[in-house]
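> the sequence and its predicted three-dimensional model are supplied below.
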Amino acid sequence: MPRALPEPSFRRFAAGIGTLSLRPLDLNRDVTTVHSWVTQPYAQYWGLLDASVGDVRTEYRRIQRTGYHQAFLGEHDGQPAFLMERYEPAYDAVGGAYDPSPGDVGMHVLVAPPERRVQGFTAAVFETILDYLFSDPLIDRVVVEPDVRNLKIQALNERMGFRKHRIVTLPDKQAWLSFCTRDQYADATRMNEAG
């Protein structure tokens, strides 16, 4: 009998989209799926374009062992649809670029290539992730550091309430250090709903 996947850590219904959920990444089951995503040209900023399945397994095993960085597989109506990483900035390279606060959490997201386009899907994924992160009462602010060349993610970050702080130099990129507080996210969500 196959081993059951971990129960979702978080589940949210998005009108017109369906059910989006997050569960801990299961390397044994998910590595080939994640590999198929991170090696797509649109995922160039993920830094794994030429990675083998073994390379991806090694990278996510390293993440699992850090104790401060976790990977989650996001599902849409029970099917793999996005990847999310959360991390403690104080223990990451970005923590050297600003003064992390105890309530900060870092986040990375990669949406799978769509089998069919669903209007508003990526925004719903972002809202699911931010709802999940802010469901932790100890989280006050979400930190992101997208590559300065990644204009699409910067625009989506701004739509979700992130504010650009400054460009920082990280080991693998020049990045826009950006922050989103609980209040900024709530304001952005209200504005997005209002149209």
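Done, it's in. Residues are numbered from 1 along each chain as shown.
> which ones are touching the residue most central in space within the chain?
Against the mean C-alpha coordinate of the chain, by Cα atoms, centre = their mean, the closest residue is V109 at 2.5 Å. Taking Cβ atoms under 8 Å, 6 or more residues apart in numbering, we find V109 in contact with 82-85, 125-126, 129. Where C-beta positions appear, they are placed from N, C-alpha and C, glycine not excepted.
> what comes up buried for stretch 126-133?
In terms of neighbour count (16 or more other Cβ atoms under 10 Å), stretch 126-133 has its buried residues at 126-130, 132-133.
> export those residues to TSV and tack on distance to L151?
Putting the buried residues of stretch 126-133 into TSV (distance: Cβ to Cβ, whole Å) gives the following:
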residue	distance to L151
F126	16
E127	21
T128	23
I129	20
L130	20
Y132	25
L133	23
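> of those, which belong to helices?
126-130, 132-133 (DSSP state H).
> returning to what we had before: show me the beta-bridge partners of the residue nearest to the centre of the chain.
Note on V109: beta-bridge partners M84, judged by DSSP bridges.
> so how far is Q64 from it?
From V109 across to Q64, the span is 18 Å (Cβ to Cβ, to the nearest Å).
> gap between P146 and K164?
Note on P146: its distance to K164, by Cβ to Cβ, is 10 Å.
> and the two? Which one has more around it.
Neighbour totals were compared for P146 and K164, and P146 leads with 22 against 14 (other Cβ atoms under 10 Å).
> quick check: phi and psi at the more buried one.
Phi and psi for P146, reported as degrees, to the nearest 10, are phi -70, psi 150.
> would you map the strands across this structure?
For the chain, the strands defined by DSSP state E occupy 10-14, 18-24, 69-76, 79-87, 104-111, 141-144, 163-170, 173-181.
> sweet, I'm off.
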